[in-house]
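Colleague: Need a 3D model of the sequence below.
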Amino acid sequence: MNAIGHINSIIRYPVKSFQGESVTKTKIKNYGLYGDRSHVFIDESRVKQFFMATYNINLLSYKAMFEGEENDTQFPKVRIITPNGREFYWHEDECLKEFRKLTGQAHLYQKEYIPEHVPLGAIEEEHILIVNEASLKELQKRLGKPIDSRRFRPNILISLEDETPFIEDNWFGKRMKIGDVELEIKRHCERCMIINIEPDTLESDKSILKTIVKDRNNYFGVYATVIKTGEVTVGDKIFIK
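Modeller: Predicted coordinates for the structure are as follows:
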């Protein structure tokens with residue numbers, strides 16, 4: 001079995017709806033990347049309860065990253081960087097105060113899962129979101145401008161030997177093998193208005209979602225379920241079987 005490409009980058013999101021952190025290597029747990037969406041804001045007045053960027057896009061301009069070694073018993077401390085460069089930690093009183101003020105939700109509260117029990121609902125609709133670099137380049141070509149891959153919030157950005165755009169559409173039901181890790185490619189990722197938002201400036205570009213709706217039936221990227229856990233590293237070879 002020949003490799004079809006490699007991992008270009010790995011991105012996890014310690015806090016749901018915040019900007020993620022690029023890592024060189026990490027573990028793939030049964031719920032996805034280690035610590036992905038493990039820290040969330042809860043609003044019990046909402047049906048889905050998770051308070052997300054779809055309710056307040058300002059969340060997208062905050063950065064979150066783990067500080068310390070990956071631990072299977074307890075997550076490392078989460079450091080948060082505000083748009084103006086202030087820093088504090090998830091567990092500090094300043095954190096909840098900041099986001100209650102930002103959202104205007106006085107009853108907002110925080111929830112942190114433990115490493116072995118991060119629920120599927122906290123990490124979107126499947127375990128891992130994969131974006132193909134060739135598909136991103138094709139989208140940029142159609143739009144006639146560069147597009148930051150962060151808009152699409154992938155967990156794994158892949159680079160393939162065959163640079164045919166959207167070749168990943170043919171992978172549903174197949175297994176992706178990366179070292180000891182095995183993923184099953186499940187389905188398309190259906191997009192929402194969040195991809196219109198530039199993460200750093202929060203400026204909106206409606207042409208992005210409009211183009212994906214028109215040309216791709218609103219699909220961009222593919223979801224995968226974890227079949228076998230292990231460790232992945234940027235540069236690891238990818239196999240499809």
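
Colleague: Name all residues that make contact with the nearest residue to Glu161 once chain neighbours are set aside.
Modeller: Closest residue to Glu161 apart from its sequence neighbours, by Cβ to Cβ, 6 or more residues apart in numbering: Gly5 at 5.5 Å. C-betas here are computed from N, CA, C, even on glycine. Contacts for Gly5 (Cβ atoms under 8 Å, 6 or more residues apart in numbering) come out as 158-162, 237-238.

Colleague: Report the beta-bridge partners for Gly5.
Modeller: The partner list for Gly5 in beta bridges (DSSP bridges) reads Leu160, Ile238.

Colleague: where are the low-confidence patches of this structure?
Modeller: 46-48, 120-125 (pLDDT under 70).

Colleague: wait, doesn't Asn132 sit right on Glu163?
Modeller: No: Asn132 is beyond contact range of Glu163, at 9.0 Å (criterion: Cβ atoms under 8 Å).

Colleague: hang on, the earlier thing: for Pro146, state which of the contacts of Gly5 is nearest.
Modeller: Ser159 (16.8 Å; Cβ to Cβ).

Colleague: which ones are touching that closest one?
Modeller: Contacts of Ser159 (Cβ under 8 Å, 6+ apart): 5-8, 133-134.

Colleague: Tell me which two of those residues sit farthest apart.
Modeller: Most distant of these, by Cβ to Cβ, are Ile7 and Ala134, 14.3 Å apart.

Colleague: Of the contacts of Gly5, grab the buried ones for ChimeraX.
Modeller: Per 16 or more other Cβ atoms under 10 Å, the buried members of the contacts of Gly5 correspond to this ChimeraX selection:
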select :158,159,160,238
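
Colleague: Which members of the contacts of Gly5 are the farthest-apart pair?
Modeller: Asp162 and Lys237 (14.1 Å).

Colleague: what about Asn132 and Glu163, which has more around it?
Modeller: Asn132 (27 against 14; other Cβ atoms under 10 Å).

Colleague: Give me the spatial nearest neighbour of Glu163, chain neighbours excluded.
Modeller: Ala134 (4.3 Å).

Colleague: Need the three-state assignment for the one you found.
Modeller: Taken by DSSP: H, G, I helix; E, B strand; the rest coil, the conformation at Ala134 corresponds to helix.

Colleague: I'd assumed Leu157 was in contact with it.
Modeller: No: using Cβ under 8 Å, Ala134 is not in contact with Leu157, being 10.8 Å away.

Colleague: So between these two, which is more surrounded?
Modeller: Leu157 (22 against 19).

Colleague: quick one, phi psi at that one?
Modeller: phi -100, psi 120 (degrees, to the nearest 10).

Colleague: cool, and the one 10 residues further on?
Modeller: Reported as degrees, to the nearest 10, the phi and psi values for Ile167 are phi -60, psi -20.

Colleague: now do Lys145
Modeller: phi -160, psi 160.

Colleague: That one and Thr211, how far apart?
Modeller: Separation of Lys145 from Thr211 (Cβ to Cβ, to the nearest Å) stands at 11 Å.

Colleague: Over to Asp205?
Modeller: With Cβ to Cβ as the criterion, Asp205 and Thr211 are 10 Å apart.

Colleague: who touches the closest residue to Asp162 other than its chain neighbours in this structure?
Modeller: The shortest distance from Asp162 to any residue other than its chain neighbours is 6.8 Å, reached at Ile4 (Cβ to Cβ, 6+ apart). Going by Cβ under 8 Å, 6+ apart, Ile4 touches 160-162, 238-240.

Colleague: which two from the residues you listed end up farthest apart in space?
Modeller: Taking Cβ to Cβ as the measure, the contacts of Ile4 have their most distant pair in Asp162 and Phe239, spaced 13.3 Å apart.

Colleague: Okay, helices next: where are they in the chain?
Modeller: Secondary structure of the chain (DSSP state H): helices located at 93-103, 133-143, 207-216.
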